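*Asks:* Could you work out the structure for the sequence below:
(2 chains)
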Amino acid sequence: MPDERVPTINLRLPVTKDGNKVWDITEKFTRAAAALETGQLIKDEYFTLFESVGALEIMDPKMDSGFLRLGETLEDEYDVSRDLLPDEVIGIMDQFLSYEMAWHEGYPLSQTLLTSLYIERLLWPSPKTLDDARFIRFDGRGASGLAQSLLHTVLRAFCLGLVKSCDLVIQRIVTREYFEEEDFCTMTYHRDLLSGFPEEEVDTVLAQALQWLSDSTLPESLSDDMISAIRVRLDFRKKFLEAITPSKPASSTQDLWAAMIDQLKHFNESHSLGKPVPEAFSHRIQRRLASTVPPRPIVDFTFEEAIEKLILTCSHCQETSRLAKCQVESSQNLLAITRVFGSRKPHPLAFARAYFCSGMFCVERNEYENLLRKDVEEIVLRDDPIMDPVNWSIEAPQSSGVPKDPRLAMSQVIDDFCYRASCYLEFWSALCQNRCRMRRMLSHTIRAFDDLQAECEVFDEDLRQVAPEMQISPLSLWSYHQKLRQMEWVTQLGFEQDVYLPDELGGMYWWLARLSEIRSRLLEQMILPAIKHRRNAIAQNKIKIKHAKVEQMSDMQSFIETLLHEAHGTSALADSLSVLYIVLAYHELIPAPPRPYGEAALRYELRMKPFLRIGTPSPPDYEGFCADMQPCGMYDNPAQHPSIILAELGPRIESWMQEAKAAFTALKKLGPSAAKATGVEHAWNKAGFAPYAIKDVSNVLLSCIAVGVTLAGLRGTFAKSGYDMDPKPVQAILPEVDKRYHDAWVVPKIVSR
Amino acid sequence: MDNAEATTYLSQYLGKSLRIHILDGRIFVGQMKCTDGDCNIILSLTYEYRQPSPNAIREAIESSENSSTLITLSSRFVGLVVVPGQYIQKIEYEETGRASGQYVVP
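*Replies:* Numbering: from 1, shown residues only, chains lettered A, B, ... in the order given. Predicted structure coming up:
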């Protein structure tokens, strides 16, 4: 209700510059508009109808976020300057933490933190100095009394710390090399989250508040528990802000994160001391934000859940910090670390991933070129004259008549190659995304690597001109190997994410087996012999590079061997599983959903979509695929008796399974250091249900054993009850992702019906 | 006013800054992009201004101890909007200091 006692006031528009004239044109404007014909538009020639569709309609309750219904007010009744009790301060702080984590989970700020009347008061109108950012501006009275100090010293410091850390979180996420985050909302609705103020200033405010808590003589009525609960919350904010300060390298924050995790573990206990103040939050503030939608309800996020997420995020950051300390030199090692980090379960939140990226990679493009050169070196060109650092120090001859130094030519070819291989950066970006997006992005990078491989033939030809003794085509081999690996990962991620239906698993394992088989042949027949050859050459001093050492080549050889064992094992286990699924299909033990309108050939095309445009290896056509997948005729009408099918195919399952077991055992024996997994050994050494999607080799070995158990179960059942029982006495169950030994290996279980 | 005259008159405001007061008391300030026979007006780069609430006015007066004081309107950026003709109470043309384009006859 308008207040009649309010005296006349002068209103002015802040945008109007002094002296500007303002004309009332209402009457003439409406008269002119009325003279327009129906459908006639007066419009700016660059303004399109298409653009106009995006305009918000004022007074439309669904579009106009400033539209107030009858009796609805914009202002909230809550008085931000009122005295606060200590338990209310704890309650508000805890509510902030819940909203902060809800935001980290992907909700917009408008439905979480920006619904706080306290934060709104601090941030709007935009403070010019940090001192301006207070709950009551232009207040000469100053804070006095416990309740006011709690409000103006403690809660203000907490809020400022919170807002500044949100600003740093956004900065960290948007400055990633590849920014396309779909799990996080960076929108700030025209509110400036103290981005103009250095974090040191905010840190000082927090330090002062902590100082006040320990210095001032607090009344006896305030229990020690209460004081320490407030202190630990303030201290957490201070530490968090310090840890995510951009200038602080990730390698130096490990202790900070550890301390925060310790603090957070006690938050749940002291949470009960607090008293919630729901009036301090209002969804109506959204009407004042630069938002295009009318207010939406405030997100409900429990404190327990928030603390759990926060502890998780801190532990992910701590892990990053530990890894950043390792000073990873090898790009293969970095790859192992990145893959293990990306496969952590529960999956790291957007901020933890951004923290990992900024901690492990430098933003400069140069960094990726070095990484790429190292990668090529480690797979195909270790201690080769082509990669000798000296090559990059040779200057081009002044006159064009002088022949070019071959070493210079080599370095130029490699530089050209690096320039061309921009997909390498995308490859790393893909690995830092969430799991689903990783699969989608890798499906794109494999195409880029396919193109790169074709171009590498030219680069290899150039190299051969200057290094005629070269045994292999290094760059094509490298990109081919890289591409195959990614194709395998795309397929395996499909199993992990349950992209394939139960009756499609056999076919997809068959495809995985083909990919790994090609890669293991590539490693065995091309890459490994070349390394052995170079090792001998170094041993006999035929290669003249300063730092070339036989031991390095031996390391290289064992690394390639680990790759070989892995590829070989993957191919054998995939083959074994594929045949197992074929047998189950013939015995009608795999549930096939009814598909009245589905066509198998089209479905096959859909599953193979990521690989259809790949030159080599391209997926076989549907007929060829069917011939391999249905060795004994149609599943519902087999050419042979089921007993013969099991007798024929059973031994194949078994022998492949044994082969896989042998390969993975050999890989395990070589160990994480040979496989360049230093820093993430724990993902290797821990058997059982480790919290990673890429699990340890022992878990793959368990999967091999599970295949054997399933086969034995199948044989036992049919030996006991014959083949023609209807309904079947048993059924095949596909374990859910958390109940598998390894996420990418779906081994069916035979259970009695 | 005939059609040609109206067209000329209205066209001169294209790209110019208009203040539109609407019935619920809000004011929209933005550049005019388009209008039609029903006087619906599309404004771009618009800011929304709202009268301060009675509480806020009282507070401001109390703090300044002066019964005639200046209060800035609460504003926010809303971007591209269409103001339907039926809600328009008053249209004002704001002559900005810069002489951009041709002279406008209000």
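
*Asks:* count of residues packed around residue 49?
*Replies:* As the question left the chain open, I've gone with chain A. A:Leu49 has 9 neighbours, counted by other CB atoms under 10 Å in any protein chain shown. In short, each C-beta sits where N, CA and C put it, glycine included.

*Asks:* Sorry, I should have been clearer: chain B.
*Replies:* 20.

*Asks:* and the helix or strand hosting it, which residues are buried?
*Replies:* Element membership for B:Tyr49 (DSSP states H and E) is strand B:41-50. By neighbour count with 16 or more other CB atoms under 10 Å in any protein chain shown, strand B:41-50 contains the buried residues B:Ile41, B:Ile42, B:Leu43, B:Ser44, B:Thr46, B:Tyr47, B:Glu48, B:Tyr49, B:Arg50.

*Asks:* quick check: mean pLDDT across that strand?
*Replies:* Mean per-residue pLDDT for strand B:41-50: 92.

*Asks:* CSV please, covering the buried residues of strand B:41-50 and showing distance to A:Phe197.
*Replies:* Converted to CSV, the buried residues of strand B:41-50 look like this (distance: CB to CB, whole Å):
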residue, distance to A:Phe197
B:Ile41, 40
B:Ile42, 38
B:Leu43, 34
B:Ser44, 32
B:Thr46, 29
B:Tyr47, 25
B:Glu48, 27
B:Tyr49, 28
B:Arg50, 28
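
*Asks:* closest to A:Arg296 among the residues you listed?
*Replies:* B:Glu48 (18.9 Å; CB to CB).

*Asks:* For that closest one, which residues are in contact?
*Replies:* A:Gly66, B:Arg26, B:Ile27, B:Phe28, B:Ser75, B:Arg76, B:Phe77, B:Val78 (CB atoms under 8 Å, 6 or more residues apart in numbering or on different chains).

*Asks:* and the residue of the stretch 401-550 of chain A found nearest chain B, what helix or strand is that in?
*Replies:* Residue nearest to chain B within the stretch 401-550 of chain A: A:Arg437 (29.9 Å; CB to the nearest CB). Element membership of A:Arg437, judged by DSSP H and E, is helix A:435-466.

*Asks:* Buried residues, that helix. List them.
*Replies:* Across helix A:435-466, burial judged by 16+ other CB under 10 Å covers A:437-439, A:441-443, A:445-450, A:452-453, A:455-456, A:459-460, A:462-463, A:466.

*Asks:* what does stretch A:645-657 give?
*Replies:* For stretch A:645-657, the neighbour count (16+ other CB under 10 Å) marks A:Ile645, A:Leu646, A:Leu649, A:Gly650, A:Arg652, A:Ile653, A:Glu654, A:Trp656, A:Met657 as buried.

*Asks:* Now narrow those to whatever sits close to chain B.
*Replies:* Here nothing survives when the buried residues of stretch A:645-657 are matched to chain B using CB under 8 Å from any CB of the partner chain.

*Asks:* burial count for A:Glu623?
*Replies:* So A:Glu623, with other CB under 10 Å, has 8 neighbours.

*Asks:* Then it would be within a helix, right?
*Replies:* Yes - per DSSP: H, G, I helix; E, B strand; the rest coil, A:Glu623 lies within a helix segment.

*Asks:* Pull the distance from the helix holding A:Arg437 to the chain's centre.
*Replies:* Relative to its chain's centre, helix A:435-466 lies at 23 Å (CA atoms, centre = their mean, to the nearest Å).
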